[in-house]
Structure formats: C-alpha cells, structure tokens
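S.K.: make a model of this:
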Amino acid sequence: MNQVVLLFGGTSDEKLVSTASAQNIVQYLYNPVAWFIAPTGEVYDVSINELQHHPEPFKNLLQPKNPPLAKSLPQALPLLKNKTVFIGLHGTEGEDGKFQKLFEENHVPFTGSGSASSALCFNKLLTKEKARQARIPLANQLELDLANTPEALSLQEKKLLDFFQQKKKIVVKPVASGSSFGLHIVTNSMQLENAFKDLQRWDMLAEEFVEGRELTVGVFDFHGELRALPASEVILELGSNFDYEGKYLGRGSKEITPAELSPDEMKQCQQLALQSHRTFSCYGYSRTDMILTARGPVFLETNTLPGMTKASFFPQQLEVEKISMKTFVDEMIMLAENRYR
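M.R.: Modelled structure (predicted):
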C-alpha cells in the first residue's frame, strides 16, 4: 500500500472548511503525510501534530511552521511518486477537476471523482443540463451567464426582475461555487438588488424557489456496491439562509440525521442520489442536495468532495448507518489505488 498524502487548504473560499475536514480524516489514516496548500498556492508539509492542534479551523487560517515544499502543486508532483493522494480540498480548487486532471495525466492515485465528473458537477449549468437529459426532476431556471459590461448587466438585471415578478420567490446563486457562497433567496426588491450586485462577481443562475424540505443524501462505493446513506434534513430559522455561517458555525439552522421521512420518501431521496451519482459518473463518493416536495424530490446539486468535518452530513450519515469513518476512508483509498487498473 502506498503512503497517503492528505491534501488540504487551498486558495478557494472553503480553505477553512478543508482544514476542519483534514483534522477529522487524518485520524483514520495510517502513517500519513499532510500537505497544506496556502492561499497563495505554495505547498507545505505540515506535521500531523500541527494539523490536529490547529485551533478553531472554521475561523483561523493555518500558518505553517516549515518553509514550503514547492511553489505550486504541479511543482510538487515528483514528490508524489509511490504515494496516494486523499483529497481533502473543497470549493473551486479541488472540486473543479483541475487537480484531478493533473493527477490523471501523471498517473497519481487519488480519492474521489475524476476530472471530467468533478468539472461537470462543479458547474451548475452543465450539471442541470446533464440531469435534464437523464430526466432528473429540476427547478425552473433562468441563466444569467454574462459579460461584465454596463449593457450586459442592464439586460441581465431586466431579465432577473422579470423572472422574479413572474415567480414571486427565486433563488440566485453562482454557476460555480461551494458552501452556499453568493446564495440569495429573493422575496423582495432589496434582496433582489443584493443578488444583482453579485452578478458583477460571478456568473449566476436564477431558479424558481421550490417549496419543500431541504435534504441531502450521501452515496459511496462500499465493497464494490454503490450504496445510498440515510438522508439528512436542514431546517432553517425564519429569515435564515443555509450559508457558510449556517453550515459551519451553527447559526440559523438545525440539522437532523436521519431525516424524519416515511420509508417511501427515504427511498425516493436515496434513489435520486444514486441516479445523480451514476448520471454524473462520480467515483467513490458524492452527496446530492435536493428539495422534497409533495410530488417527490427535486434535484439541486451534487457535491463530489462533500465536507468531512466531524459535524458534516456525510460522517453523520455514516454513523447512523453504523459504518465507521475508518471503514469509509479505507474503502476510498483502495478505490484510489485501483482507479487506473
């Protein structure tokens, strides 16, 4: 078995979450090496003790004690010979497929989905188009992919206003982002104005707000069989969004695992997660978010590198299913080492 390199940190908005995930994952690895990617891209070899004792990872950026191993991950590639990478990254860098492509081109074993699946799932427009082809239930949407010029912004502002007036309640979010950064639930003109300001930062899409229960279901390959875990439910306080603070700082939201569903509802949600995982050619594991309506679950998105912190949904769901994190981690490493065979 190869030595495992746990890769975490990164330049994305989710670098803090990544460190919290790494603190949890590293407990279940045998004799690992921990590589931290700094916000400026340098790669650091961090001691396991340094990683485990880094305080309040959701709030504090880790400051490595050692000098960098390399100026970038591509420069560090020669050091990955006979190593297996456990990807503990989240957000743009790590989930968008670029690092996966680098590893594939250099035949480096790594955990999680490949480059094509990662890139597909990270782009919500491409994901929804693929889901539509597979007849996966979706919310009605308005695309807001635009050039950042005064004329284009004016046109998109009018389109967004028309869509809002038609639907009365909409969700506006970035085409490619994670942890609900840039997410807006719009029910009035002030919220619409705030959402429109984000159009100048990201390419956005707008969806009709789907009334129902917000659920998420993990899927992973367990002993060669694709398995759906019990659904979790997110219950928001009035006026709250499930944004970064709601997810990781426990503000304005409550998580219930397993969700209180009828056996038929649970089965429908798990089937949607399995269908999504297969449709997007995910590998190893994924987690699919959905809204459970009176007509059944409606797809929101699939995460190819879901959070693995102690409080994250995936570990919660494994615990309910009486599957240890050690078993899960071992399975993912085995799949990583078999991916090129």
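S.K.: show the average pLDDT along the helix or strand F103 falls within.
M.R.: If you go by DSSP states H and E, F103 is part of helix 98-105. On average, the pLDDT along helix 98-105 is 97.
S.K.: buried residues in it?
M.R.: By neighbour count on 16 or more other CB atoms under 10 Å, the buried set for helix 98-105 is K98, F99, Q100, L102, F103, E104. Where C-beta positions appear, they are placed from N, C-alpha and C, glycine not excepted.
S.K.: again with stretch 104-124
M.R.: Within stretch 104-124, the residues that count as buried by 16+ other CB under 10 Å are 104, 108-115, 117-124.
S.K.: same question for stretch 26-37.
M.R.: Going by neighbour count (16+ other CB under 10 Å), the buried part of stretch 26-37 is V26, Y28, L29, P32, V33, A34, W35, F36, I37.
S.K.: out of those, flag the one nearest to G296.
M.R.: Y28 (35.7 Å; CB to CB).
S.K.: so R287 makes contact with Q316?
M.R.: No. In terms of CB atoms under 8 Å, R287 does not count as a neighbour of Q316; the distance is 10.9 Å.
S.K.: out of the two, which sits in the busier spot?
M.R.: R287 (26 against 20; other CB atoms under 10 Å).
S.K.: report pLDDT for the more buried one.
M.R.: Here, the pLDDT recorded for R287 equals 98.
S.K.: any chance of a markdown table for the buried residues of helix 98-105, columns distance to H53?
M.R.: Converted to a markdown table, the buried residues of helix 98-105 look like this (distance: CB to CB, whole Å):
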| residue | distance to H53 |
| --- | --- |
| K98 | 31 |
| F99 | 27 |
| Q100 | 30 |
| L102 | 30 |
| F103 | 29 |
| E104 | 34 |
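S.K.: residues contacting the nearest residue to D96 once chain neighbours are set aside?
M.R.: Nearest residue to D96 in three dimensions, chain neighbours excluded: F122, at 4.6 Å (CB to CB, 6 or more residues apart in numbering). Contacts for F122 (CB atoms under 8 Å, 6 or more residues apart in numbering) come out as T92, E95, D96, G97, A176, G178, T304.
S.K.: could I get the residues you listed as TSV with neighbour count?
M.R.: Below are the contacts of F122 laid out as TSV (neighbours: other CB atoms under 10 Å):
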residue	neighbour count
T92	19
E95	28
D96	21
G97	21
A176	20
G178	24
T304	28
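S.K.: tell me the one of those residues nearest T149?
M.R.: A176 (20.5 Å).
S.K.: confirm the closest one sits in a helix?
M.R.: No. Secondary structure of A176 (DSSP: H, G, I helix; E, B strand; the rest coil): coil, not part of a helix.
S.K.: tell me the contacts of it?
M.R.: Contact analysis of A176 by CB under 8 Å, 6+ apart lists T92, D96, F122, N123, K124, W202, D203.
S.K.: that one and L205, how far apart?
M.R.: Remark: distance between A176 and L205 (CB to CB, to the nearest Å) = 10 Å.
S.K.: what sits in contact with each of the two?
M.R.: Joint contacts of A176 and L205 (CB under 8 Å, 6+ apart) are K124.
S.K.: coming back round to it: take the buried residues of stretch 104-124 and keep only those in helices.
M.R.: Of those, the ones assigned to helices by DSSP state H are E104, S115, S117, S118, A119, L120, C121, F122, K124.
S.K.: quick one: which two of these are the most distant?
M.R.: E104 and K124, at 23.4 Å, using CB to CB across these.
S.K.: please, where are all the strands along the chain?
M.R.: Taking DSSP state E as the criterion, the chain carries its strands at 3-9, 33-37, 43-46, 83-87, 141-144, 170-174, 184-186, 204-208, 213-222, 225-228, 232-236, 253-256, 285-293, 296-303.
S.K.: and these: which comes nearest K71?
M.R.: Proximity to K71 (CB to CB) singles out strand 43-46 among the strands of the chain, at 7.8 Å.
S.K.: for that closest one, which positions count as buried?
M.R.: Buried residues in strand 43-46 (16+ other CB under 10 Å): V43, Y44, D45, V46.
S.K.: again, but for stretch 256-265
M.R.: Going by 16+ other CB under 10 Å, stretch 256-265 has these buried residues: T257, A259, L261, E265.
S.K.: over to stretch 288-301?
M.R.: T288, D289, M290, I291, L292, G296, P297, V298, F299, L300, E301.
S.K.: now these as TSV including distance to E157?
M.R.: Formatted as TSV, the buried residues of stretch 288-301 follow (distance: CB to CB, whole Å):
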residue	distance to E157
T288	32
D289	28
M290	30
I291	27
L292	33
G296	34
P297	32
V298	27
F299	28
L300	25
E301	25
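S.K.: which single one of these is nearest to S232?
M.R.: Of those, the one sitting nearest to S232 (CB to CB) turns out to be D289, at 9.9 Å.
S.K.: can you get me a residue count around P67?
M.R.: 8.
S.K.: tell me the pLDDT at it?
M.R.: 96.
S.K.: for the helix holding F103, give me every contacting residue.
M.R.: Counting by CB under 8 Å, 6+ apart, 7, 73-74, 77, 85, 87, 89, 93, 108-110, 112-115, 118 sit against helix 98-105.
S.K.: flag whichever of these scores worst on pLDDT.
M.R.: Where pLDDT dips furthest among the contacts of helix 98-105: E93, at 80.
S.K.: leaving aside the residues next to it on the chain, what's closest to it?
M.R.: G10 (4.4 Å).
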